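Colleague: Need a 3D model of the following:
(chains A, B, C and D)
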There are 2 protein chains.
Amino acid sequence: MTVLIVEDDAVHRAFLRDVLVGTLPGCRLIEAADGVVGEALAREHESMNVVVDLQMPRRTGVEMARTLWRERPGTAIMFWSNYADEAYVRGVSRIVPEGAAYGYVLKSASEERLALALKSVFLEGQCVIDREIRSVQQKSADRSGSFTDVEYEILVDLALGLTDRLIAERRGISLRSVQNRLGQIYDKLGVYETEAGSDVFNLRMRAVTLAGLRKLLNRNSLEQAEAELAAWLAASPRAGGGRR
Amino acid sequence: MTVLIVEDDAVHRAFLRDVLVGTLPGCRLIEAADGVVGEALAREHESMNVVVDLQMPRRTGVEMARTLWRERPGTAIMFWSNYADEAYVRGVSRIVPEGAAYGYVLKSASEERLALALKSVFLEGQCVIDREIRSVQQKSADRSGSFTDVEYEILVDLALGLTDRLIAERRGISLRSVQNRLGQIYDKLGVYETEAGSDVFNLRMRAVTLAGLRKLLNRNSLEQAEAELAAWLAASPRAGGGRR
DNA sequence: ATCTTCTTTGCGGGATCCCGCAAGATCCCT
DNA sequence: AGGGATCTTGCGGGATCCCGCAAAGAAGAT
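Modeller: Reported below is the predicted structural model:
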């Protein structure tokens, strides 16, 4: 069995190496320090399993996993991350192909838990999601204050700094509808729940800040969204064109 | 010599332990997994040196260092962090007491570099700042597009979601001045530099997004600012009080 | 004291944002 | 087909934001 380790932190990489040889004796290890290299290495080998960090320079674990799974949906991937941000959880579960084996464990988990998860995913083809992450998933799925995909998209547009008008244009709905959505988003994020009156805040900004503090948005998700936005802006020839 | 290790990641903590016993033979090690515990332990011992991670749950490395230095400005502290975000660099250099020995090295640095830095700081009482971080410091100090402290404060207020009016109140300047400052901030962040016209963005939001992407603001700095804001709101009895 | 330069502040106005209200539109259930 | 719940859209208006303009102040140089 071949296992590809993609992790930028040398200390963690060494740790993973140890755990893997202990857990899957006789496995062949390949290592990469970021997603770009990892992707290239993955292409060179037929069937393999992958352990990948989520935060990496150049190319995120999620991005790498997406292209990897697009080419070979059968690959088993273990995500190994520091954080259980809702933004990450959303990002991962958005790209998992049907029936693919994958795992998501936190770096704070014990070595045993990691070893067990590796065996389950790579040998048994099961899915193993860390307890803590499951709870985030739940919260984001069934809580009353949860977010639709549409709402989430608009929240991202908001965070990117688009005007209402442009969001409407991009998502193909009317200006007023955008504003309705924003209203719901404000509600769900609890923009109004503040001790000192409510005319204290600029609502759209406050919403994004709260989303950030709740780890619903993070730098990674924004970076990606920013790239998508740039692509869309380039593709759709804008009429207006700058007042200054 | 006593060294306190404050680091939430068990793998990194073990690594630090190894490096320390190799570098400073015979030193006594104490460990804590977060800033709160670390602070308590630091209080129990007379003179000690500290190695501390910047990102930790509950209490940041910066927060811990600040209270520690307030009580005993002579303590030597080594900051050991994953990132060279301008937000962190600013945060650290804001709290260093005069003449204190400290270091700031990245986790991506080699073991030798870390060992060398530890010796310089703990034995020689020197200051060792990682090359990469120095460059961030420089950039934030002399570049034309750099930020005054005032501007930075207002940028943070902006990111927290305050209205212009409240920022004015909080910082003790007129509404118009706040707006002037915002204008400068927009300029420096390059809010207008976009291919597709400039009436595309909501300026205040866009500014904060760009600041985030540039790592000028990050989740940590916002969390802290949020706490300070809450304190200020509680302390200054607000007149208005909610329209809803 | 005078001039220069930079900053602060007020005023005004166009653009945007936030949202209540009400008229359709859509969908589901019976 | 009818009724009800939800969603979308337009209109209107008050609040806020962004910024040009110019007067008033502050700091420094000659």
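
Colleague: Touching, residue A:64 and residue A:41? I think so.
Modeller: No. If you go by C-beta atoms under 8 Å, residue A:64 and residue A:41 don't touch, sitting 10.5 Å apart. The way it works is simple: take the backbone N, C-alpha and C, and place the C-beta from them, glycine included.

Colleague: Could you check which of these two has the larger neighbour count?
Modeller: residue A:64 (26 against 17; other C-beta atoms under 10 Å in any protein chain shown).

Colleague: give the contact list for the more buried one.
Modeller: Contact analysis of residue A:64 by C-beta atoms under 8 Å, 6 or more residues apart in numbering or on different chains lists A:6, A:35, A:38-39, A:42, A:52.

Colleague: tell me the phi and psi of it?
Modeller: phi -60, psi -50 (degrees, to the nearest 10).

Colleague: Same question for residue A:162.
Modeller: The phi/psi pair for residue A:162 (degrees, to the nearest 10) is phi -70, psi 150.

Colleague: I figured it hits residue A:169, correct?
Modeller: No. Counting by C-beta under 8 Å, residue A:169 is not a contact partner of residue A:162; they are 9.1 Å apart.

Colleague: Which one's more surrounded, those two?
Modeller: A direct count of neighbours by other C-beta under 10 Å for residue A:162 and residue A:169 places residue A:162 higher, at 25 against 18.

Colleague: Indicate whether the one helix or strand residue A:178 maps to makes contact with chain B.
Modeller: Element membership for residue A:178, per DSSP states H and E: helix A:175-189. No. Using C-beta under 8 Å from any C-beta of the partner chain, helix A:175-189 stays clear of chain B, with a minimum separation of 10.7 Å.

Colleague: What is the subsequent helix or strand relative to that helix?
Modeller: Next along from helix A:175-189, by DSSP H and E: helix A:203-213.

Colleague: Pull the next helix or strand after that following helix out as CSV, backbone CA atoms only.
Modeller: Past helix A:203-213, further along toward the C-terminus, the next helix or strand under DSSP H and E is helix A:219-235. Presented in CSV, the C-alpha positions along helix A:219-235 are these (Å, rounded to 0.1, in the frame of the first residue of the first chain):
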residue,chain,number,x,y,z
ARG,A,219,-9.1,33.3,5.4
ASN,A,220,-9.0,30.2,3.3
SER,A,221,-12.6,30.3,2.2
LEU,A,222,-12.2,34.0,1.4
GLU,A,223,-9.1,33.5,-0.6
GLN,A,224,-10.9,30.9,-2.7
ALA,A,225,-14.0,33.0,-3.1
GLU,A,226,-11.9,35.9,-4.1
ALA,A,227,-10.4,33.9,-6.9
GLU,A,228,-13.8,32.8,-8.1
LEU,A,229,-15.0,36.3,-8.0
ALA,A,230,-12.1,37.5,-10.1
ALA,A,231,-12.9,34.8,-12.6
TRP,A,232,-16.5,35.8,-12.7
LEU,A,233,-15.7,39.5,-13.1
ALA,A,234,-13.4,38.8,-16.0
ALA,A,235,-16.0,36.5,-17.7
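
Colleague: starting at the chain centroid, how far to helix A:219-235?
Modeller: Taking C-alpha atoms, centre = their mean, to the nearest Å, one finds helix A:219-235 lying 14 Å from the centre of the chain it belongs to.

Colleague: What is it packed up against?
Modeller: helix A:86-93, helix A:149-160, helix B:203-213 (3 or more C-beta pairs under 8 Å, 6 or more residues apart in numbering or on different chains; DSSP states H and E).

Colleague: So which of these is nearest residue A:48?
Modeller: With C-beta to C-beta, the closest approach to residue A:48 among these belongs to helix A:86-93: 19.1 Å.

Colleague: The closest one vs helix A:203-213, what angle?
Modeller: 70 degrees (axes from the mean of the first three to the mean of the last three C-alpha atoms, to 10 degrees).

Colleague: Tell me which helix or strand in chain A has the weakest average pLDDT.
Modeller: One helix or strand of chain A scores below all others by mean pLDDT, DSSP states H and E: helix A:131-142, with a mean of 74.

Colleague: follow-up on the earlier one: same question for the helix holding residue A:178: list its buried residues.
Modeller: A:178, A:181-182, A:185-186, A:188-189 (16 or more other C-beta atoms under 10 Å in any protein chain shown).

Colleague: ok, now stretch A:67-75?
Modeller: Buried-residue list, stretch A:67-75, by 16+ other C-beta under 10 Å: A:68-69, A:75.

Colleague: Likewise for stretch A:206-214?
Modeller: A:206-212.

Colleague: returning to what we had before: contacting DNA strand C as well, which ones from the buried residues of helix A:175-189?
Modeller: Applying C-beta under 7 Å from any atom of the strand, the subset of the buried residues of helix A:175-189 adjacent to DNA strand C comprises A:182, A:186.

Colleague: nearest to residue B:217, of the buried residues of helix A:175-189?
Modeller: Using C-beta to C-beta, the buried residues of helix A:175-189 come closest to residue B:217 at residue A:189, 18.6 Å.
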